[in-house]
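Visitor: Quick one, fold the following:
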Amino acid sequence: MPALALETSPLWQEAKGVLPLISMEEAESLILSSLEHLPAEHINADQAYQRVLRHPIFADRPAPPFDRVMMDGIAIHSSSTSKSFIISGTQAAGAPALHLIQPDHCLEVMTGAPLPSGTDTVIPVEQIEVSGQQATLLPTTTFEPGQFIHRTGSDCAADATALPEGIKLSPMELAIAASVGAMEMSVSKLPSIHLLTTGDEVIDPTETPTDFQIRRSHPSALIPLIEGNKLGKVKHVHLADDPDAIDQALAPSLEQADVLILTGGISMGKFDWVAPLLRKHLGEPHFHGVAQRPGKPFAYWKSHGSPSVFALPGNPVSVTATATRYLLPALMTMLGMKPTARRAPLAGDFLWSAPLTGILPYTMQDGCITLHPPRNSGDYLTLAGKQGFAVVSEPKKQYTAGTLLDIYPFF
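Guide: Alright, predicted model coming up:
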């Protein structure tokens, strides 16, 4: 059917009808249950920052691999009754372990060095007085066997899991990988994401708008949100509210992309072509309409062989709210992570008077959040300085300070 014929077709008329709203929990469940894990790829460790590990990394030896000295000082055997010791050598880090023979002798030791054989105690340099080759304990010095010794394998046994699959690789995980010699690793391949923004009123940010136009902002929010979190690679195209243009753009995106995001054109206006055209290509959505504010017209499609299709409402706050609440957790799941909402307490009382579940921007200070409801879903200026979105799950309710809310940070 030509796209221009849709307006008079039953398909278009059905798409414009009143749709039942589902809950936020139902929407999340339908999305997550439809997803498949992306394939894995092997990359070098220097390319792995913020990527998701797909196969565990195992320790190639115990950690630490030897009894490691934890303080600069002297090593003795705890059975010695001496208060003064002859320094018979120096145990440096990176050198083979020395051997202590005589109980009235000691070995100088450096932090990170192997514990000399014949010793079982390290006395820190702050608790001794050294004169020439003599080390004398201070009157206040006490010690016990095993002190300041990091025992072999106390952190991790050989062949134990050093890093589990599904973890996002921060600098700390990359340091652990390096410590076990894992300089190549298996990670989830980043999804190919096509972003199609729509709207006759929307122009490039570099252009000067007329009185009835606005500058395009959706890609400036969504691309950093996705790529900055290393959740995918985004290709963006903007389309006019023209059914033929949208239809022509949909075909290659539905064939090539792992994830397709559309913004705008999803409500019930005369020029909202996205829903009927997606129905033409993919059939009925998993849902079209969620009992939430903002983002009520949000819709989702996933059929066999198709990408996951997120059709987001066009207002800027709606786009960012639904992307943060649904799209980011979905991408994490596809990459092999197990995303769970964080929770944080309200800093003060808050009245939510709307009849729908709220997705509201927040700021956090000292572990508590303050909600900043926008005046409407087009009030994008409210998002300046905010750290993410919090979910106010019960409509028309007074929330008291300390109430725990689910939060979805931007990063």
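
Visitor: List the contacts of stretch 201-221.
Guide: 195, 197, 234, 236, 238, 263-264, 314, 316, 319-320, 323, 380 (C-beta atoms under 8 Å, 6 or more residues apart in numbering). Quick note: C-beta positions are derived from backbone N, CA and C, even for glycine.

Visitor: Of these, grab the buried ones for ChimeraX.
Guide: In ChimeraX, this line selects whichever of these come out buried by 16 or more other C-beta atoms under 10 Å:
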select :195,197,234,238,263,264,314,316,319,320,323,380
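
Visitor: the strands in the stretch 101-250 of the chain, which residues?
Guide: Under the criterion DSSP state E, counting those that start in this stretch, the stretch 101-250 of the chain carries strands at the ranges 105-109, 121-124, 128-131, 134-137, 149-150, 161-163, 184-188, 192-198, 202-203, 214-215, 233-239.

Visitor: For the first one, what is the distance to the chain centroid?
Guide: Put plainly, it is strand 105-109. Computed by C-alpha atoms, centre = their mean, to the nearest Å, the separation of strand 105-109 from the middle of its chain amounts to 48 Å.

Visitor: Rounded mean pLDDT for it, please.
Guide: For strand 105-109, mean pLDDT rounds to 98.

Visitor: Show me what it pairs with in its sheet, parallel or antiparallel.
Guide: strand 73-76 (antiparallel), strand 84-91 (parallel) (DSSP bridges).

Visitor: mind checking pLDDT for Ala15?
Guide: On the pLDDT scale, Ala15 gets 46.

Visitor: again, but for Val18
Guide: With respect to pLDDT, Val18 has a value of 48.

Visitor: What of Ile214?
Guide: 87.

Visitor: Can you get me a residue count around it?
Guide: 14 (other C-beta atoms under 10 Å).

Visitor: tally of neighbours for Met337?
Guide: Neighbours around Met337, by other C-beta under 10 Å: 18.

Visitor: if I read this right, Arg279 contacts Pro285, doesn't it?
Guide: Yes. Using C-beta atoms under 8 Å, Arg279 makes contact with Pro285 at a distance of 7.4 Å.

Visitor: which one of the two has more residues nearby?
Guide: Pro285 (22 against 19).

Visitor: before we move on, which element is that one in?
Guide: Of the helices and strands defined by DSSP states H and E, none includes Pro285.

Visitor: now it: how far from Cys106?
Guide: As judged by C-beta to C-beta, to the nearest Å, Pro285 and Cys106 stand 76 Å apart.
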